[in-house]
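**Q** Take this sequence and fold it.
(2 chains)
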Amino acid sequence: MPPKKPKSGKSSAGSKGKGKKIQSPAARDWELSNQDHPEDIFPMVLTSATQELFDCQADEDVTGESPYKLLEKDDIIQDIKTRAAVSDFSPVKQIVLDYPEDELLLVYDRDFTYGQSFYLVLTPEAKDRILNPPKPETPEVFEKEVVKTPEPKPWISLGSDKEIDEEAFKESREKLLYKFSRVRRKFGVPVCFSDRNTADAKDDYLECASYQDSRFSIKQMQRDCGMQAVPRLQSSSAQTQWKFQKNIFTQYTPRELSVEEKENILQLESLKNFCNSVTPRVLQALQQEGIMNVFFDDWKALGTAADDGDWAGKVSEGLMLYQAFTDQKYTKDKKICSINWHPTIYGVIAVALTEKKEEQLNKSVVRASFILFYTFSDPSNPQLLLECPDDIFAFEFCPSDPNIIVGGCINGQVVLWDISAHVTRLQGTQPGKKVSVNTDACDFHQDLDDNKENKTPIVHYCAVSALESSHKAPITDVQWLPTTFEVTRMGLPVENMYNISAQVVTCSPDCTIMFWDVRVSSLVSHSASERRPIMDQKTPYSVPDTFKHLDRTWKPLFRVSLPKIDTSGEYAPLKFNLEHYTCNEANENGDSSKVIPDYSQLRLPSAKTLKALEDVNTKLYIGTEDGEIIYTDWKLGKDDSGRLQSAKPLHCFSIHHWLVNTVQRSPFFKDIILTAGSWNFAIWKEGVMDGPIILSAISEQVCTVGCWSLSRPAVFFIGKEDGSIEVWNLLEKTNEPVQIHSHVTNAKITCIKPWAASSKQHFLAVTDDIGMVRVFEIPKTLYVPSRSESLNVKKYFELEEDRLKDFLRREELWEKEKEAEELKKRRTEPDKPVISLVENEEVNVKEYNDYLMLEESVLKGMGLWQAPADTQDN
Amino acid sequence: MPPFPSQAEVEETLKRIQSQNGVQGIIIVNTEGIPIKTTLDNASTVQYAGLIHQLVMKARSTVRDIDPQNDLTFLRVRSKKNEIMIAPDKDAFSNKTSFLLY
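**A** Numbers count the residues shown, from 1 in each chain, chains lettered A, B, ... in the order given. Below is the predicted model of the structure:
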């Protein structure tokens, strides 16, 4: 409500103004001049009645933000007329009447800046000014000014000429002029000037010596002096002595003798003599060369490369037990199906445990399945446990990022783990390093179960594949595709843009091989986001969400089936091996960066943008349940109906009679493969389609696993069912192992994996059926390759290949010969059989009689002859 | 066929040496190091002549500095890939030196 105080004044003024027109302007003027507000506005009070009438109620129609209200002039005049003196507008009646426009501006003055709650704007100019405040000048104007060149203006003196005047030299008086002239009579006579020292004559000069006047001293506070800034230049020169004159460049041509001179010299007698004298020496030298090479050290060449000189004392020849790992709690009644060394951290092994009992149906006592991580520093406690949805048969570390692990379950699902949160714990167990355990990275799950720090953390799996698109049988082999190529949905190999391993291949006895990709696919992302709220509720533990996009919806990229070659049906693969494609371009550049990508951020690249690689070897070697080794192509081809179909395998060999448990490529030769299964093992060469180049003899024990040595191309290890390990060296003995370590363990050996920890330490991890892991140290003789071993082994394999080919060729020949002979025999045979039989009998009888006579004569000669009982005794 | 008999002898000697197993070439130079006769191409000859001559001078001076009665009879430079045999003339001031590559 507007204050009522000055209202009385206004109304009185208004009443005055109503009646006496002369007084009202004066009164108005007085009001206006007495008050501290601009002349063109008029503060006024409006009663609530007036406010309602004009729709300008305070804080309702007009507010602090929008205080402007335009009022019609006619309305105001009407109000004045109707309410006369009572009207609030009566003081401004004259102004309103005189107002040129039709609308007046009423402004709600909330802050009472002009003393009242409203003010009326009296002039249209002020109204315009208030409603449309002038806009600030735009810089456009400024720019326009700069573009124009400034015009010359006359010089405006600012006072500097005064200073110049002060400083300038001016003559204060006229110059004095002295004119000397000689007397007339001396005109023309030579002048004689002489010197005179002023000091000699007295009073010749007056001296006004300066002295310090003690009466007065001025301190000069200010002094004007002129300054000029000049760059300081200094020039100097030096001269050196060129003592040792050396040529820097020389250009020369060789001196040559002309043809005539050469001819002349050649004819000289002295040349002939010289040649004759020198020749014997030369020939002797040449002969020496021919006899022996004096610079060749035979002793050195005799010794092997292993002779480094640090063989102090005894060196063991066989595998020495370095450490054994077992854990009572987790490994009871379990066997180990798969073992892997951690690719980067020293001394860390991961083992996958599976139930030993065959009865899978009895799930009443279900124990959680784990993958255990052991480290060298703590042999009886695992450092990390990876929780699996079910028993894991095979798992692998990702080659680009060792924190990602993929595993294949017994129920056919593929599982992914991310252990980046616990890597420090594993690294902390390295020798010489003490890293405090990262407790804030431990699982929430762990805090629930156990509060102590030294309990093993359990890592839950990040993602598991969709049940309906997984394998229908246990996954027996899992491999990461190498960083050099990747595959698309269509089954074509394309280049790998980021040089990381992001794709996995799995195989299972349900007769399929599947290719999976761990990256976010653009197709799947929107459906995954819908399902995300459901998934969040299901995972209570703090699981790393690297693969959240894949959990439970993970589908393979494509499937490869293995139809049998000659019959219907399919092969059931157990193990497989692909060739690692190495391409030479640009991969070497990428290797230096070695940035481990964040797997959760990876996106599946669109297949169109990637370049297809034509020369990738897309063939696989597969070992099956029935002991066959199949060589097939995983690239999908189009069949008649246009659908993508797997090709029929190229070759199939039944070499092993039972389950094949190892298919491994040699780390030195990319076309040599070792397969082991049932009672023998075989070595194959890719490209030789006729069979294995080396096939071992059938041994008494089942070969359960085989693996190549990492540093020697000719050495490999075979594990047996009775717990013994055989070490084979192809360059020493080819029909039997070089070393047999029998009874390494009491149970069947399930896995062997070698690892080169450093150049002086090579380990071999051996696992068995009762859950124990033994790590052996490989002796120097077995890991240091002999000289040119790789070449020798290669030659050996080529020899074997040739032998195989030769053998097959000969077999063919023999077959042909046999057939030819049989044909011939059949043609001539019908005449012979009876005669030959009879003949044979006669010959036999004759021989027997001869023999009897011989016997008789001999015994008679020795005096031992006894007449036989059946001879007729007269 | 060389027109002078002594030339023929020289040729014959060179042939004898050249026919040995493993000899790649022969160069005969005078005391100043300028090649007189060669079985190699011109560029190699010139290069060898220039370089080896200095070596021979150095070797000879070394030997004679140690014992003035002594003289260099034969010099063999053996490298990884081949060997260079240098036979200077008996007379120190004579004008022939021959060397060959092996």
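**Q** got a pLDDT number for A:Gly569?
**A** Reading off the confidence values, A:Gly569 has pLDDT 69.
**Q** hang on, I meant B:Thr45
**A** pLDDT, B:Thr45: 91.
**Q** Can you classify A:Cys823 by secondary structure?
**A** Actually, residue A:823 is Leu. It isn't Cys. Secondary structure, DSSP: H, G, I helix; E, B strand; the rest coil: A:Leu823 is helix.
**Q** That one - how many residues pack around it?
**A** Neighbour count for A:Leu823, taken as other CB atoms under 10 Å in any protein chain shown: 9. For the C-beta atoms, the positions are set from N, CA and C on the backbone; glycine is no exception.
**Q** got a list of what it touches?
**A** For A:Leu823, the contact set (CB atoms under 8 Å, 6 or more residues apart in numbering or on different chains) is empty.
**Q** anything in whichever helix in chain B runs longest near chain A?
**A** When chain B is scanned for its longest helix (criterion: DSSP state H), the result is helix B:42-66. Yes - among the residues of helix B:42-66, B:46, B:49-50 lie within reach of chain A under CB under 8 Å from any CB of the partner chain.
**Q** From these, pick the one nearest chain A.
**A** For the residues of helix B:42-66 next to chain A, the minimum distance to chain A (CB to the nearest CB) is 4.3 Å, reached by B:Val46.
**Q** what's the burial count for that closest one?
**A** B:Val46 has 20 nearby residues by other CB under 10 Å.
**Q** A:Val705 and A:Thr750, how far apart?
**A** Relative to A:Thr750, A:Val705 is positioned 7 Å away (criterion: CB to CB, to the nearest Å).
**Q** A:Gln503 too?
**A** From A:Gln503 over to A:Thr750 (counting by CB to CB), the distance is 27 Å.
**Q** Of the two, give the one with the bigger neighbour count.
**A** Counted by other CB under 10 Å, A:Gln503 and A:Thr750 do not tie: A:Thr750 has more neighbours, with 24 against 20.
**Q** And the strands in chain B, which stretches?
**A** For chain B, applying DSSP state E gives strands covering B:25-29, B:35-38, B:75-78, B:83-88, B:97-101.
**Q** I'd like to know which of these is closest to chain A.
**A** Of these, the one closest to chain A (CB to the nearest CB) turns out to be strand B:83-88, at 4.3 Å.
**Q** The closest one to helix B:42-66, inter-axis angle?
**A** Per axes from the mean of the first three to the mean of the last three CA atoms, to 10 degrees, the angle that strand B:83-88 makes with helix B:42-66 is 60 degrees.
**Q** Name the residues contacting each of A:Val705 and A:Thr750.
**A** By CB under 8 Å, 6+ apart, the residues touching both A:Val705 and A:Thr750 are A:Gly719.
**Q** which bits of chain A sit near chain B?
**A** Counting by CB under 8 Å from any CB, chain A sits next to chain B at A:254-257, A:262, A:265-272, A:274-279, A:281-283, A:285-286, A:289-290, A:295.
**Q** follow-up on the earlier one: deepest of the strands of chain B, which one?
**A** Greatest average neighbour count among the strands of chain B goes to strand B:97-101 (a mean of 24), per mean count of other CB atoms under 10 Å in any protein chain shown.
**Q** May I have the beta-bridge partners of A:Lys720?
**A** Note on A:Lys720: beta-bridge partners by DSSP bridges are A:Cys703.
**Q** so who does it touch?
**A** A:Lys720 neighbours (CB under 8 Å, 6+ apart): A:699, A:701-704, A:726, A:748-749.
**Q** swap in A:Val663?
**A** A:575-577, A:621-623, A:629, A:673-675.
**Q** got the residues you listed as TSV, with secondary structure columns?
**A** TSV is the format used below for those (three-state DSSP):
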residue	secondary structure
A:Lys575	strand
A:Phe576	strand
A:Asn577	strand
A:Tyr621	strand
A:Ile622	strand
A:Gly623	strand
A:Ile629	strand
A:Ile673	strand
A:Leu674	strand
A:Thr675	strand
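**Q** is it true that A:Phe763 lies in a strand?
**A** Yes - under three-state DSSP, A:Phe763 sits within a strand.
**Q** pretty sure it contacts A:Arg774?
**A** No - taking contacts as CB atoms under 8 Å, A:Phe763 lies outside contact range of A:Arg774: 10.3 Å.
**Q** More neighbours: those two, which one.
**A** A:Phe763 (23 against 20).
**Q** sorry, back to before: packing partners of the longest helix of chain B?
**A** When contacts are defined as 3 or more CB pairs under 8 Å, 6 or more residues apart in numbering or on different chains; DSSP states H and E, helix B:42-66 packs onto strand B:25-29, strand B:35-38, strand B:75-78, strand B:83-88, strand B:97-101.
**Q** One more pass at 6 Å, please.
**A** strand B:25-29, strand B:35-38 (3 or more CB pairs under 6 Å, 6 or more residues apart in numbering or on different chains; DSSP states H and E).
**Q** Sheet partners, orientation included, of the first one?
**A** It stands for strand B:25-29. In the sheet, strand B:25-29 lines up with strand B:35-38 (antiparallel), strand B:97-101 (antiparallel) (DSSP bridges).
**Q** In terms of mean pLDDT, which of the ones you listed ranks lowest?
**A** strand B:97-101 (a mean of 63).
**Q** Now for A:Ile655, how many residues are close by?
**A** 19.
**Q** Then A:Pro779?
**A** A:Pro779: 17 neighbours (other CB under 10 Å).
**Q** Same question for the one 5 residues further on.
**A** By the criterion of other CB under 10 Å, A:Val784 has 19 neighbours.
**Q** can you check the one 3 residues further on too?
**A** A total of 12 residues lie near A:Arg787 under the criterion other CB under 10 Å.
**Q** picking up where we left off before, in the longest helix of chain B, what counts as buried?
**A** B:45-46, B:48-50, B:52-53, B:56, B:60 (16 or more other CB atoms under 10 Å in any protein chain shown).
**Q** Which of those sits closest to A:Phe653?
**A** B:Tyr48 (62.4 Å; CB to CB).
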